[in-house]
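Undergrad: Need a 3D model of the following:
(one chain, ligands or ions: 2)
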Amino acid sequence: MFQQPVYLDNNATTACDPRVVETMLPYFSQIYGNAASRSHSFGWAASEAVDLAREQVAALIGATKQEIIFTSGATEAINLAIKGAYEMYAGKGNHIITVATEHKAVLDTCEHLAKKGARITFLPVEASGLIDLQKLEDAISPDTILISVMFANNETGVIQPIREISQIARKHQVIFMSDATQAVGKIPVNVNDLGIDILTLSGHKFYGPKGVGALYIRRRDPRVRLVAQLDGGGHERGLRSGTLNVPGIVGLGKASQLSMLEMERDIQHILPLRDKLENALLQLEQTFRNGTAQHRLPHTCNLSFNYLESEVLMMTYNRKIALSSGSACTSASMEPSHVLKAMGLSDEMAYASLRFGLSRFTTEEEIDFTIQTMLEGVEELRGKSIAWELYKDSLS
Ligand SMILES: Cc1ncc(COP(=O)(O)O)c(C=O)c1O
Ligand code: FES
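TA: Ligands and ions are numbered 1, 2, ... in the order given. Below is the predicted model of the structure:
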């Protein structure tokens, strides 16, 4: 048995890599200058560290350092991107296209703008979790100012056809933004190859610290401009005022560098473990994968166990495995997952779902233990379920 539960909630957040922590440490109490202070060596040292981190983050996504704006995380970057674009292009139009399965940071920001007069299209998804490109193209109108489609879903890991989406956006001269919070650092993401105009990312999803993220904005294209949402000292080229979180930014830079160097190795380690777990659990009766198997993050797996309340399983076994049924922010809510509902699942099947998120630190022993615990747990809890009993009776 493990001392701590096996941690399989890595889509909610990852452990900070010890190498990241080590790189950050001096920036708390030794190199503690304000990166904006230009008159002494404390400030210069902090500014140099931020500059290096900016290069490291830019390199991870194929951008240039001038195109990176540091923020407090993906939520802030998303707010800046969507609200900033809405304000910037108010004269041109008020229509934003997004997708029903986006993270709440995108959905709620769009809802907020809807109250201020924006017209929002929430595209549906197929059972696979993928959008229909024709529906996207049909939704575009002359007043469309922004298309916002997430790179990979946080609950199912489903990866949207980003290149095709960007081609459609380009054809119609609409800015294309992608919330790549779950993809960056885990799979290759290159803003130029993929034609992404605005991208958001967050340190704590790829072994960096919490409370730091970044916005990429295609600077070379004069069409892509945003209105700042925080006013103040004019930091980050006027787009995000506020003293920079130097240790956090250093950590985000280091995490980016490590991901660049180790991404292939991480995928080769994680993918077979994810597949082992998924294949073993799919052997259980009435157990189904949510989302396409092909276009999916290598570390994510979302399954529904019919006739099981996943909440009960999580609570019964949370001393053995740390899991969630969907996104962390909404895990306290009793609503069924909006992502699974948009994919056409019934409430029952959405309530029967579990998300398994692996990381570079997940071991084969942990996966074997998880398989064993899940097989026992599902059998035990279904054994107590009247619905399951009725189902079994119906078979005989
Ligand atoms: C897809 C996606 N977007 C945005 C966020 C929000 O990121 P942050 O925690 O950095 O605000 C998350 C985190 O759960 C996410 O998974
Ligand atoms: S941390 Fe992922 S939904 Fe909030």
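
Undergrad: only C-alpha atoms for contact and neighbour calcs from this point on.
TA: Fine.

Undergrad: Strands of the stretch 1-150 of the chain, residue ranges please.
TA: Applying DSSP state E, counting those that start in this stretch to the stretch 1-150 of the chain gives strands spanning 6-7, 68-71, 95-99, 119-123, 144-148.

Undergrad: So which elements touch the shortest one?
TA: Judged by 3 or more C-alpha pairs under 8 Å, 6 or more residues apart in numbering; DSSP states H and E, the packing partners of strand 6-7 are strand 321-322.

Undergrad: immediately after the strand it packs on, which helix or strand?
TA: Where DSSP states H and E defines the elements, the next helix or strand beyond strand 321-322 is helix 338-342.

Undergrad: is that next one anywhere near ligand 1?
TA: No. Helix 338-342 does not reach ligand 1 (C-alpha under 6 Å from any ligand atom); its nearest approach is 11.4 Å.

Undergrad: Residues touching that helix, excluding its own?
TA: Outside helix 338-342, the residues that touch it by C-alpha atoms under 8 Å, 6 or more residues apart in numbering are 100-102, 124-125, 155, 290, 347, 350.

Undergrad: who wins for neighbours among those?
TA: Glu155 (30 neighbours; other C-alpha atoms under 10 Å).

Undergrad: Was I right to think that residue contacts Gly357?
TA: No. In this structure, Glu155 is not within contact of Gly357 by C-alpha atoms under 8 Å, at 9.1 Å.

Undergrad: Which residues are in contact with each of these two?
TA: 11, 300.

Undergrad: Any stretches of this structure with poor pLDDT?
TA: 1, 326-333 (pLDDT under 70).

Undergrad: Please, where are all the helices along it?
TA: 18-24, 26-29, 41-61, 74-88, 104-115, 133-139, 162-171, 191-194, 246-282, 310-317, 338-342, 347-351, 364-383, 386-395 (DSSP state H).

Undergrad: can you list those in TSV and add distance to Cys301?
TA: Formatted as TSV, the helices of the chain follow (distance: least, C-alpha to C-alpha, whole Å):
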stretch	distance to Cys301
helix 18-24	26
helix 26-29	37
helix 41-61	24
helix 74-88	22
helix 104-115	20
helix 133-139	24
helix 162-171	20
helix 191-194	25
helix 246-282	7
helix 310-317	14
helix 338-342	13
helix 347-351	14
helix 364-383	13
helix 386-395	24
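
Undergrad: Distance to ligand 2 added to those, as TSV?
TA: Output for those, formatted as TSV (distance: least, C-alpha to the nearest ligand atom, whole Å):
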stretch	distance to ligand 2
helix 18-24	20
helix 26-29	25
helix 41-61	21
helix 74-88	9
helix 104-115	7
helix 133-139	25
helix 162-171	21
helix 191-194	23
helix 246-282	17
helix 310-317	17
helix 338-342	11
helix 347-351	16
helix 364-383	22
helix 386-395	31
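
Undergrad: Which one of those lies nearest to Asp179?
TA: Among those, the nearest to Asp179 by C-alpha to C-alpha is helix 74-88 (7.2 Å).

Undergrad: does that closest one come close to ligand 1?
TA: Yes. Contact of helix 74-88 with ligand 1 (C-alpha under 6 Å from any ligand atom) involves 74-75.

Undergrad: same for that helix, what does it pack against?
TA: helix 104-115, strand 144-148, strand 175-179, strand 198-202, strand 213-217.

Undergrad: Direction included, what does the fourth one pair against?
TA: With DSSP bridges as the test, strand 198-202 is paired with strand 175-179 (parallel), strand 213-217 (antiparallel).

Undergrad: Just want the angle from the first one to strand 144-148.
TA: An angle of 20 degrees separates the directions of strand 175-179 and strand 144-148 when computed by axes from the mean of the first three to the mean of the last three C-alpha atoms, to 10 degrees.

Undergrad: Out of the strands of the stretch 1-150 of the chain, which gets nearest to ligand 1?
TA: When those are compared by C-alpha to the nearest ligand atom, strand 68-71 sits nearest ligand 1, at 9.0 Å.

Undergrad: Near ligand 1, which residues of the protein are found?
TA: Listed as neighbours of ligand 1 in the chain under the rule C-alpha under 6 Å from any ligand atom: 12, 73-75, 103, 105, 153-154, 179, 181-182, 202.
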